[in-house]
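In: Sequence plus predicted model, see below.
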Amino acid sequence: MMKKLIGAAVIILLWNACKFNEQKTLPIAGNRDVVTKTADGKTVTDTVYQTIPAFKFVNQYGDSITNKNLDGNIYVADFFFTTCPSICPVMHRNMLTVYNAFKDAADVKIISHTIDPSHDSVAVLKKYADKLGIAGNKWWLLQGKKEDTYKLAASYLVSSPQVDAKEKYIHDGYFILIDKQKRIRGQYDGTVPEQVTKLIEDIKTLKAEPDQTTAK
Amino acid sequence: MKLKVISGICLLLAAFLYSCQSEDELEFSRYYSAGNVIYQNKCQNCHGKNGEGLSALIPPLTDSVYLKAHKDSLSCYVKYGLKGKIALANKTFEGEMPANDLAPIEIAEVLTFVTNSFGNKMGTITSQHVGDDLQKCK
């Protein structure tokens, strides 16, 4: 009996060891199109994935930031506002964990879009960043035209923020993982620590994918 | 069989110990466990699972000296919110805590939880105490 059990355990262990060698990759989320084109007289089909469109905002230092500033970076995006009484403190407590985990990674960034730009001016964002204890250019707090931010939220597959009497705004607490090709590779509930742990693991997996290591 | 006997004895023992608790201790545990639930629903998002706060944005609830010194104002903070500069845990904070629509008994419960967790030990804050303090809010 005992021998059989040990035998089974060994088999399971070996099996897992084999799986360990497989290259893990993350799924790609969002809409996709299959396009057929003719190249060198042959028809080839290609899958085109949904990507994050171009944008232009201002960060907590007053610098203009566009999608170009994120080229060559894997990044995590979220939506928040500095006076949010409900989920934002939880989200940013958790995002700090992500920030600290990739402090020294040159190709990982974090961007947080404020959904309340009329209150969250550059000065307010800078103060928030200081109090949160973030510095440098790893984590940008971005503000811009409200319509632009709300429109962008839709491309991240998060719902458009809703105005609410008590909470001011209701919005999703998602952290969205974007790869160097600006494709959506994962969505995580930023209010749940276990999901954030998974995000950190997934960033490591993503960083090791061949088309991430070669992307400029 | 053996297991049943053992667990039976344990149960009896637990029941015995429980009935041995004094009325005060029972009151404390009632307040404390109800307060734990309120904390999770109303405070934990900001002040954190372990009362750790959030950087310099939200103060921790671990500064026993501060909590003791402001014991009679804590009810007011919870009920009406708190705003402006405060200093504790070797930092200064200038944030805003929103008001809470809680009954005096609930305030007593959550404050009993807070002031006896995260390294604090201040005993029961009764609903009577909260009621009195709320009369004096500025």
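Out: Thanks, I have it. Residues are numbered from 1 along each chain as shown, chains lettered A, B, ... in the order given.
In: what does chain A have sitting close to chain B?
Out: Applying C-beta under 8 Å from any C-beta of the partner chain, we find that chain A lies next to chain B at A:83, A:85-87, A:89-90, A:92-93, A:96, A:128, A:130-133, A:191. C-betas here are computed from N, CA, C, even on glycine.
In: so of the residues you listed, which ones are in helices?
Out: Secondary structure from DSSP state H places A:89-90, A:92-93, A:96, A:128, A:130-132 of the residues of chain A next to chain B in helices.
In: Check those and tell me the two furthest apart.
Out: Taking C-beta to C-beta as the measure, those span a maximum distance of 20.1 Å, between A:Val90 and A:Asp130.
In: So between these two, which is more surrounded?
Out: A:Val90 (23 against 14; other C-beta atoms under 10 Å in any protein chain shown).
In: pLDDT and distance to A:Lys24 added to the ones in helices among the residues of chain A next to chain B, as JSON lines?
Out: Converted to JSON lines, these look like this (pLDDT from 0 to 100; distance: C-beta to C-beta, whole Å):
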{"residue": "A:Pro89", "pLDDT": "94", "distance to A:Lys24": "33"}
{"residue": "A:Val90", "pLDDT": "95", "distance to A:Lys24": "28"}
{"residue": "A:His92", "pLDDT": "97", "distance to A:Lys24": "28"}
{"residue": "A:Arg93", "pLDDT": "96", "distance to A:Lys24": "28"}
{"residue": "A:Leu96", "pLDDT": "97", "distance to A:Lys24": "26"}
{"residue": "A:Tyr128", "pLDDT": "97", "distance to A:Lys24": "36"}
{"residue": "A:Asp130", "pLDDT": "97", "distance to A:Lys24": "38"}
{"residue": "A:Lys131", "pLDDT": "96", "distance to A:Lys24": "37"}
{"residue": "A:Leu132", "pLDDT": "97", "distance to A:Lys24": "32"}
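In: By neighbour count, sort out the buried ones in those.
Out: Neighbour counting with 16 or more other C-beta atoms under 10 Å in any protein chain shown marks A:89-90, A:92-93, A:96, A:128, A:131-132 as buried within these.
In: which of these lies closest to B:Ser29?
Out: In terms of C-beta to C-beta, no member of those lies closer to B:Ser29 than A:Val90, at 28.0 Å.
In: Against B:Tyr77, how distant is the closest one?
Out: 20 Å (C-beta to C-beta, to the nearest Å).
In: Over to B:Lys49. Which of the three states is it?
Out: coil (DSSP: H, G, I helix; E, B strand; the rest coil).
In: Please, where are all the helices along chain A?
Out: Taking DSSP H as the test, the helices found in chain A are A:2-21, A:88-101, A:122-132, A:146-155, A:193-208, A:210-213.
In: Those helices: which one's closest to B:Lys4?
Out: Taking C-beta to C-beta, helix A:2-21 is the member of the helices of chain A nearest to B:Lys4, at 27.2 Å.
In: Might you report the residue contacts of B:Gly35?
Out: The contact partners of B:Gly35, by C-beta atoms under 8 Å, 6 or more residues apart in numbering or on different chains, come to B:108-114.
In: Okay, the nearest residue to it once chain neighbours are set aside and B:Gly8: tell me how far apart.
Out: Residue nearest to B:Gly35 in three dimensions, not counting chain neighbours: B:Phe113, with 2.9 Å by C-beta to C-beta, 6 or more residues apart in numbering or on different chains. Distance, B:Phe113 to B:Gly8, by C-beta to C-beta: 33 Å.
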